[in-house]
Every structure is written in structure tokens, then in C-alpha cells.
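>>> sequence isn't available, so here's the structure alone:
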């Protein structure tokens, strides 16, 4: 990781150099034409601050509370699958960096390390993300394991009733099962640092799913099986079931419509995560920052609203807070850090965002991240 | 056709490699500065979905009814002239692929294969497209042939009262009669696969017009003659005449104005095809997706409205359905498939669109293509 | 001039190859950052037609009347200085091409050929353009010469109270007096066809100004002197004076504001030419197509309104007519033709525009250029 | 400085060639993603004039009054730090060029030359810019020195409560302390003219700060110390203190919000400088031209409003005046001139702006820079 990494975009560039193209594209790409992927970041740009001056910003408090817990930053690391492909330590590094920064890490069902291993490595504010599989008993067993291991909140993802088509993955042969070609081989050989680090860890797997459905720990077999378990029939009744199964905070991830947010809160959700799955599912979905205000208007008095997708800078975070988000989630940004420098890279990303958020708050005249003025943005 | 063709755009790229430039540009180009051509696809992009979640999308029904018949997809293949230039089998391949997919194929008056030959090859849901020539008796004879052969609906094209100026064709010498140059020859020689397939089929012709006006089957002579038969005087009275001549479903293609749609329906049209001839006629015409809602408001209670031009993905189809179209027509997209892989390429295109439409419907919470929610798009 | 010149843009490209860069840039460039120059053409593009069908367009009448005279096309060739630099025949070729096409040519005060020579060469519908110089007696003498020679209308240009800064001319050393450098010499040597044609015509001059102020016919001396004669003090009183001096139709060129148009008509102007001097004077002036409707609303019932600047296609002309212009003027487009092929090139430009206008009118359902429907454009 | 420098953009290009990349980027760059930097210039472009003609513009008066003093142009040179890096003479050249042009120069606290040296070199209309440091006594001593030396007005900068992150500086190693690398060395060696001029002036310092805090005159030590003195606690109470300390005109620089402008005027400010620190502080701040009208509406009847940031042409100045600014400040534009040609380069910049402003005023029908018509811009 170079000394001149001044921004998340710099870390993205460095991760791009480090990772084989097929892995980078898997991390960085979106569905179909990537209209939504681009909009997720682009739609922040036209938003403009309405800065206030001479307000004494010697004390700017970046901490906030979320679902009753204290966060050092209004930020979480999003659940992402197979982070072990980027660096073998994968989710362990993300969890440790999050703990060091005083923010939650949300572990994906499809993580490369098991939820128990991650809790062992970094017993911080860990949350668990769940897909409601066709095999409800297995889903229930995951809940019990998460509860037992000390996970503090549950995030249920509801926007995966079909697999989004990531065309770069298809072009790269990065599919389940993978397609090996000369181009693929060349791609790997051109990234020896990555190969060198991965070599001793051939046992890449989906840690939470080992043994499920009689599969062994082979990552391809498990992924294939998991894909068959994606359940398109999930409905509001399943949320009720989940609410009954899980007595700690419950958040619904993948909501963009105010009416869905209202219904989720009515069903007992404690938080709403405005997300389009990082632009990886429905191409043509609105950017999350453009959908945020509608959801906030609908439910922010009774639930915490978190903005996922598109956050690349502290100014982005402040814009989301000004529009009513309680906190933001970063996914790709964290993986850029992981690729660029392992746990240290993730910590660098968090440090950059922290500093940028502090600057943006000070220069707009905001004193507390937990109470950003709604007139922080120009109308 | 490569294994990594994941999208219609991929097939377009592959067709571009396969076809001589003059043929590809003939397929792909538009009139004058191509303002309308570009708008046809570009105007879909800013439309954004308003996705709904947790609605149980295990059953998504892509079928619909159109003019009383069942379609497996809300899709048709548009009428196009001289498809035999792309692959010798031309319209035969299009018709077969359409039949296999359970959707109608509309055969052009200017097809390279005769309407009888196409019906012989693929007796599916075939429609016939008619230009009202100066020689009305010949037009009438085409109707009688189409009726006799079993064509189920008639599409009359009304936006060809002048020939649109396709500047790429002029630049390439791809005119009637053609202009042969060293560059042209080189272009052909650089595409040996195309040449090899075309060589045994030197007898390219306009199958429906053979013998007309005393012309032999020479494609250049026939095209020249047909151009002189384009009738700029066509008027609403001709639509009345046609309605009297044809007792099966009648659709008017080339309408963009709500008042014209109303008048066509009043004259007995069963369907309106919102089309700007794929951006090949009037440069400066509105994109069809931007003209759709006006026409739907005017006539959708009494006629089926079909959107032509610009469709390149399943998400595009869903956007058109959300704006009130009953189905979409693809023209260029089908020819990209034909160029990339013959009938198999067309089938690939249809499979891609089917899968994309299924994903887009599931992820927006739509269950039936015949009843897409009008609030599927963000206001 | 190549056979594949299908559009004005094609002729522009060909003129660019033929002309030394300094001459092409003089023709093609605009003031300062060329914001207005670009807007002049770009602002046509977002305007969209609202096409009507089945209206019998076998008869489309492109002729119109302007100031009581019949024009074969709603088009004029604009006054431009020093056309002899493009081709030695310069204004003679423009006038002949205009006469052949049945449209007026407006001769500039700063023409390379004298008004008498132009009338001798092409006694068509010729108009004369006047700058009101500090030396009013000389201006008066020009009027008398124009009247005597048979010029039918007078165009007074009012937007030259300062010289616009054409940065390309400065960069190229194309200034008065010119700056000769090695780069300039190279530029000329790279365009031998132009040099060859210009060589026998070293006597380039400003035909109307020869002898004025004691200057000889040397073009540089005359240009320098003319620049000192630009009068920034011109005011509405001068228009009154001119109205009294000239008893044939009088038009004011360079108006963009409705109130100025009203005042000009009140002062006796018969026509208003909405112009920003082809983007060559005030950078930041609105494009003419964006200023047109305001002027039309103000004066079209009492004066003919002509749109200058930015017209490159027949569709552009139709858009201007739909917004209330009686006719359009082309400047650069005519010079592209002149550069590409002399008089034949200008005729090609006019033929292209004629054909494009015919197509656009037919395909929008317009039958007479003198009565274009105001709902031809989408609202 | 080349003869063909026709615009500020030309001088920018020339400065870019002359200066080491790290110095040019320091001058030219902005904070973070440079959204605000780009908007500062880009937001002028869509503004369009509403030109008036025939108003007799033989007399166009570019002078104005500002805070009771006469200015030859509605223009000031903005305070900038470390101009000695561009050329050793730095602020001396800026001050002399400003005096020659009859406009004020505002000397930065962080200037390379001391305020006394600048007054000695160019005793024109000099203003002093102050940062309110933690060490208030030192700030007070600066005021006393400025008062004693004859500075006529005080500009207090309020938008530096944090240091903006200039990523180009970090990439270039141009930080405090600097980071020397092979790339840096190469950069310097590639710009021998700059090195040659700088070599005899190794003693680059911050002239106003020499001796402060016990530091010697070493520029790096002083810059490091100054950074620790940036006071984030400044508040409206400090403005009261300053108003009491300084009895000449007082302006507040860095205001974008109408309410802040109102409060500053209520606290005794004589002028408001609408500024976002040249896009170098808060990325995402509105462009100044977009924030101008709001501030003008709030305070222009009781204070002079000056627009800073983004001005690159005379047309830009006129647009700002039309929106109610009393004058504009140039920062980067002046440094481009300084880099391109020392004092002569700055004078060239001012001459270009003067001429462009004269042309824009004449061609819009404006006669006095002190009373630009508010309807000079199209609504």
C-alpha cells in the first residue's frame, strides 16, 4: 500500500493492480449495463452543501448511536460474500479493522470464514446477515449459531430473489462453476503477489455453510448448492417468522420503496438498509442516495435508516446524514482497502473516511454526526 | 458465437466482427446525424424502477395476450428488409427462432425470402408487413397471398413517404444501385466467413416482389423498382381501403402522435406500433419510449400498443410495459443475433431478453407480464 | 468534392482538408471559448418533432415568400467577408449558386468582390449588407451604389460595435496585419491545391472599399482601415437615418432581444435577422434557435423574422420554421461548400438542404414551407 | 510568454509548461475530487447574456467604486500563499501589476514576502488578508503592522477551520513537510527555467511570519508551525473582536450562505467575499457563481459583495456583476500569468480581462461597470 493513497479512489486503483482482473471485476462490477452501479456514486456529485461559518468547530463529534449502541463513526462495513478471494484473511481483516475503528461489521452468510471464526478473531460489534434459504431449518440453525456466538443484530437481505447478471464475471469466466481459459490463466499469472498469498490457502470455502446439504467444504460445490437455495418465494410472512425467531435488533436490507419500509417497520424491523445490493442485482434500480429521502420520510421516526452503496468519501457520508440516514455502509470501499493492503488497507479506508467526514462537518458547520442539520445541503 | 455473449450488446459486437462494414452499418445505422437512433436506446436509461420486495416471486409469468393470441413473451420480431444479406437464411432463421420462443415474427414486404417460403419454413405466429405501393393492385395481391398463406395479422407501415437518408450507407457505397470501390472490395475480403456463407447464395432477391413490374429476380433491379413504388400520397383513405381488404387484425406501424393513434383506431386499427422506423427515417423524431405514454393514454383502452425501436434488454421491455405497452418489437437486436450466429444467435438474443425480463420483473415485484404495475417506474 | 458528401458535415470535413488551417479556422471558428458557437448548432439537437402520418405528402411545396418576393426555398446565403480567401471566385460563386437555387444572396460590405461585379456575375435576388462606418458619407455612397446596381434589400448589421476575439485566428497569426511564422508557412505548403488556385489571384482585396480613405486596393491596408471605421456609437437614431436613406426593404441583423426587435420594427425595419454573428462576436450570447421564439412573439405579425447561425441540415430549417422563422440564413455551411468544391460545392450544400427539408416536411406531415404547423415540434 | 497568449486559458497552458508539476498542481488543484473546483468555472458557462443593440457604446466605463475607493476595473487580485514558489518575486509582481492596472491586491498572511516589503515595492491599493490564529496576540500584531504599513482594508478568511485535502499535492509529495522522491527530482529537473530562477532564492519563506513562535525563517518550519495555529474555534465573537481591533474597511471571505452574510454585516463587515477558497477546502461546496445571487439578495444594500473563484474571462466578470457582485477576485488566473511571465504575465492577464470585459459590456449594451443592468443575463 503506497504512501500516496490519499483517497478511497487511490486504494481502488491499488487494489486493481494487485488483484487478478477476474477478482477485481467481481468486487467492482455491477449488474448488466451497470447503470445503477454508476448512478450509486454519480448521484452524490450534484448534491451541494450549504456551508456555515464561524460556528466554533473545535469540537466535532463523529460518534453516533445506532440501535442503542455507540458507534465511533456513523459507518458500518457491509456484508459481502467470499472476501477470502481478495485476501485469504478476508472477513477476519474486515472485522478487526471495524473493531479498531469502533464500528460494526456485518458478516455475510456467504463469508469465506465462519461466523464463529470471525467472532473469535474480532469480538467487536458484529452483526450477522442472513439469506432466507429454501431450507428454512438451515436458516434457523444459522440464527442460533449467530445468537450463540454473540452477534448483536441481524440483517436480512431481501433483494436476491433472482441472481443479478454480472456480465464482467461472465466475460471473465468467473462463474459458478468457473470457466478456465488461457486468458484466465494469464490473468492470474500476471498477479503473482496475489497468487503467492492465496497459494497456501487453497481451502477457500464458505465458512458458514460447510457441511450443509451434505456438501463438503469445496467452495465451488457449496456455491453451486447455495445458488439452488436462493428462495424467490420469500414474502412478508417470512419476515414475521424471522421476527419471531430473533429477539435482538433486526434490519431489512434491500429496500428502496417507502411503502416497503413502512411495512417492514410495521412487521417489527428495527432498521431499514436502503440498498440496491451495490448495483449488483437490478440494473435500473434507483441509486440509493436518490431513494433515501423517501424512505426517511416514511420511517425515520420509528426506525434507524442506513444508506448502503455508493459511499466513497466522507462528504458522501455527510450528504447521506443530511438526508436523514443514521449511518452509512461501505462495501466495495472496504474491499478496495482489503485488496490494497489487507487489514491495514481497510484501516486506511476507515481513517480516510473519518478524516474526510471530520473536514466536511467542520467546513459545513456541523458539530455532531448524530445531529447533522437537515439544511446542510442546498435545496 | 462465443460462450461469453452475455448481452445483446455482446452479440452486437460479435455481429460487427462477422459482417462487412457496409452490411453492419446498413443494419446498425440511422438517418442523417443519428440523433433519433441514439435517443431510441439512450432514453431508456434515465428511467428508474421503483422495486418492491417480499412479494413471493417464485411464479413470474412472462406470457401475455396480444390481439387475442397467447405469446410466451411480450415480444415480437419486427419486419426488416433484406435480412438475407446478414445470413443467407435470413428471415427463415428469424421466423424459426420466433416460433421456438413462442412469439410472432413480422415478415417485411422487402424480405429476401417470399412469404410463402417463410410460412413453409416456420408455420408459427407469422404476421405480414405491407407498404402501400403506388401499384395498389400489387399491394392487394400481397394481401391475398398473405391471407392464403396463413399470416395472422397485417402491419401497415406509414412512415416511409420519403426515403430516410442513411449517411453511412452513402459513405459505404451501399446504395441502390451500389457503388463498388477498392474500399468496398477490401471490406468484403476482410470478412471471409461472411463471404464464404454468401457465395453459394448469389441469388439474393426480394422474395415477395419477384416478377413484379416485369422485373426479374435481380435484387438491385427489384430494389430500384420498389423505391419508385414508395407512395408519398398515402392517406387515411388508404387505411379505410386496407381495413376493407383485410379482415384479420390490422396494426399501423410508425405512429408517434396521440392524435394519429386515435384516428387510426377510429379507422379500425386493432393495434398501434409506436415506431420511428428504428431511427432510420426522420432524424429528430422523438425516441419511441418518450412518445409511448402519450399514445397509450390516447388509445390503450381500445387497441394494443406495441413499442418498436431501441429495445436492447429485458429491463427495457419492462420499462415499456410499465408505460403501457402491451409488447415490444425488436429489430436490430434480432439482426445482431442473426449476424453473430444465425438462427442460434437469434435464439440466444431471445433467451437473454427472456432471462433479463424475468429478473427485472422478479426484482421489481411484478408477477405477470400481462399486468405490469404502472407504478413500476419511479415518478 | 467527393461523391460521398452526403451532408453539410461531410462538406465541412472536405473543406477542412482543402483549406490551410488558418483559413479554415477563420471560417469555422468563433469568439473566445466558442460557447456560443457550439450552442448555435447544439441547441437544435434536443428539439424533437411531433410527426404526423397519412396526410398525403405527394406535394410538398418548399417555396415561400419573403418581403413580398418568391423564394424557391426558405433560405438565404448570409453576408460574409473575404470569401475570396476560400476560393478566388468567392462571392461570385455564392451568388451564382444562390441564383441557381432561387434564393437570395446577401453581399457583405467586406466582400472580396465589389457589389457591381457580383451583380454582373449573377443578377439574381441580391441583397446588400451594410456596416454603418464612422465615415457616414462612405456608408451613404455604398447605399447609392447598391441601389443603382439593383440590390433589392438592405441588411444592416448592428452587433459589431467591438471586434469579437477569435482566439484561433490569434493562435494562427491570422490577424490584421497577419503574423507570418514558420508554422504558418508550413500550413500553406501543406495545402498546395489551395495555393495553386490562389496564386494567380494575389490581388485579393475588399472590392466594395477600394479607394476609400485614400487606401489602395491592398487587402491588408483596407482591412486595417476598415477596422478603424467600426463605429461603436451606432444607435437607434442611425436606424432612422438609414430608413430615410433607403426606400427598399430594410432588415436589421444581430438582434436577440424581443424589445430590440420591437423597437427596430417601430423604426421601420421590414425584417429582423436573429443572429449572434455566427458565434463570432459575444461569447455567452444565446444560441439563435433559443432566442428565436421570443423575437417571433414580439414582431412576427408585422415583420419577417429570419434565423441566422447554426443551421446545418434541413431538419434544422424545419425546426426554425416551426418556431416562427420565415426563413433561415446559412453562412458557414455555404463556405464549407465553397471550400470543398467552389460554386458546385455551394450548390451541393443547397441541394442537400433542399432534399433534407423536403424529407423532414414530408415525414412530419407538413405540406408548405410557408405555413409550417406550429405544433410540428413536441412541446 | 508567447505572443499568441490570447486568453487566460492560454496563459494557464504556458504556466503549466514552465512550472514543475508539483508547483503547478499546487496552484491549479482543488480539494478531494475537485467537484467544487470544476463547478467554479463550469457553472459560468450555462449563463447566457441577453444582449441589447444600438445603444451607443462608444463610451464604456469599466471603473467602479469599492468601499469608497475608485477602481479602474471591477477586479481584485486575491490573497494567495507562497506565491514565491511560482516566481521568486511572487507577491511583489502581483502587487505591482495590480497597481499598474489600478486595482487592489490583497496580500495573504501566508505570503512569501512580508507585508512591509510588498508595500515598499508597490504602494498601491493594498489590502491585507488575515487568518485568526490560535495565537491571538500574533494576529493582533499582524493587524498593527498592516495598519502601520498603510494597508487600506482587511480581509478575514473564515473557511479554513480545517485543512482541505488536496490530493494532487499528496500524490506529488508536495506536503508539509515535503516528501522527496525520484519522481519529484525528475519533475524539477524537467523544468530548468524554473530551477534557474529559483536557485538564487533558496531563502523562500513566509515573510509575515518570520520569527513567530521562535521559528527561524525556514519555510518548512514556518509552514508546519502555521498549520498548528489554524484555529477551528473561530466564531462570531472573533469577528466582533476583529471589528473592534480594525477601524478601516473589513471584509469577510469564505461566505456562501445568505444568513452568514447577514450576520457578518450585522457584526460590522463592510464587504462579503463569496468564496469557497478556490475549490481548495470543502469539496461539494457550491460554486461561487451559483451562490452569489443568494448573498446579494441578503446584503447588497448594506455591503459590497465580491465574487471569488472561477473567474477566467471578462464575460465571467460581467456575469457576476449582472448577478449583483460589485467586483470579482482572481486567484489562479493571476498565478497563471505570474508563472507564464512574471509581472508582465500578470499584466497580460489583467489586460486580457479588461479587453474582454469591455467587449462583453459593449456587445450587451452596458455602459458602466458600476451599474450593470440586472437584465443583462437571460432569465
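Yep, it's here. In this text, all values refer to a predicted model and were calculated from it rather than measured experimentally.
>>> and the gap between residue A:221 and residue A:107?
21 Å (C-beta to C-beta, to the nearest Å). No exception for glycine: its C-beta is placed from N, CA and C like everyone else's.
>>> between those two, which is the more surrounded one?
residue A:107 (30 against 17; other C-beta atoms under 10 Å in any protein chain shown).
>>> okay, the more buried one: pLDDT?
What the model reports for residue A:107 is a pLDDT of 98.
>>> these two touch, right, it and residue A:90?
No. If you go by C-beta atoms under 8 Å, residue A:107 and residue A:90 don't touch, sitting 10.4 Å apart.
>>> now do the helices in the stretch 1-150 of chain A.
A:8-18, A:21-28, A:35-42, A:90-101, A:115-121, A:136-149 (DSSP state H, counting those that start in this stretch).
>>> report how many residues lie close to residue A:293.
17.
>>> correct me, but it touches residue A:322?
No. Look at residue A:293 against residue A:322 with C-beta under 8 Å: they stay out of range, at 9.9 Å.
>>> any idea how far residue A:87 is from chain B?
27 Å (C-beta to the nearest C-beta, to the nearest Å).
>>> nearest residue to the residue of the stretch 51-200 of chain A found nearest chain C other than its sequence neighbours?
Closest contact between the stretch 51-200 of chain A and chain C, by C-beta to the nearest C-beta, is at residue A:51 (28.3 Å). The shortest distance from residue A:51 to any non-neighbouring residue, by C-beta to C-beta, 6 or more residues apart in numbering or on different chains, is to residue A:364 (4.7 Å).
>>> and for the residue of the stretch 51-200 of chain A closest to chain C, the neighbour number?
26.
>>> again, but for residue A:371
Neighbours of residue A:371 using other C-beta under 10 Å come to 11.
>>> how about it, what does it touch?
Residue A:371 makes contact with no residue under the criterion C-beta atoms under 8 Å, 6 or more residues apart in numbering or on different chains.
>>> give me the phi and psi for the residue of the stretch 51-200 of chain A closest to chain C.
phi -70, psi 140 (degrees, to the nearest 10).
>>> same check, this time on residue A:74
phi -80, psi 60.
>>> surely it meets residue A:318?
No. Shown here, residue A:74 and residue A:318 do not form a contact pair, counting by C-beta under 8 Å, at 9.2 Å.
>>> who's more crowded, these two?
Set residue A:74 next to residue A:318 and count neighbours by other C-beta under 10 Å: residue A:318 wins out with 29 against 25.
>>> against residue A:106, how distant is that one?
In terms of C-beta to C-beta, residue A:318 sits 22 Å off from residue A:106.
>>> can you tell me how far the residue nearest to residue A:117 when sequence neighbours are not counted sits from residue A:120?
The shortest distance from residue A:117 to any non-neighbouring residue, by C-beta to C-beta, 6+ apart, is to residue A:207 (6.2 Å). Distance of residue A:207 to residue A:120, given as C-beta to C-beta: 12 Å.
>>> more neighbours: those two, which one.
Applying other C-beta under 10 Å to residue A:207 and residue A:120 shows that residue A:207 carries more neighbours, namely 22 against 13.
>>> so what's the more buried one up against?
Residue A:207 neighbours (C-beta under 8 Å, 6+ apart): A:111, A:112, A:113, A:114, A:115, A:117.
>>> just the strands in chain A please.
Secondary structure of chain A (DSSP state E): strands at A:64-66, A:69-71, A:75-77, A:105-107, A:126-130, A:153-157, A:250-255, A:271-274, A:304-308, A:327-330.
>>> do you know which of those lies nearest chain D?
strand A:327-330 (15.1 Å).
>>> how far does that closest one sit from its chain's centre?
8 Å (C-alpha atoms, centre = their mean, to the nearest Å).
>>> what about it, near chain D?
No. Judged by C-beta under 8 Å from any C-beta of the partner chain, strand A:327-330 stays clear of chain D, getting no closer than 15.1 Å.
>>> what pairs with that strand, parallel or antiparallel?
strand A:75-77 (parallel), strand A:304-308 (parallel) (DSSP bridges).
>>> counting neighbours, what do you get for residue A:136?
For residue A:136, using other C-beta under 10 Å, the count is 14.
>>> how far away is it from residue A:231?
9 Å.
>>> try residue A:276
The value you get for residue A:276 to residue A:231, if C-beta to C-beta is used, is 20 Å.
>>> returning to that earlier point: looking at the strands paired with strand A:327-330, which is buried most?
Mean neighbour count (mean count of other C-beta atoms under 10 Å in any protein chain shown) peaks for strand A:75-77 among those, with a mean of 28.
>>> near chain B, which residues of chain A show up?
So chain A meets chain B at A:32-33, A:35, A:158-159, A:161-165, A:167, A:170-171, A:173, A:179, A:231-236, A:238-239, A:254-257, A:259-260, A:263, A:276, A:281-286, A:290 (C-beta under 8 Å from any C-beta).
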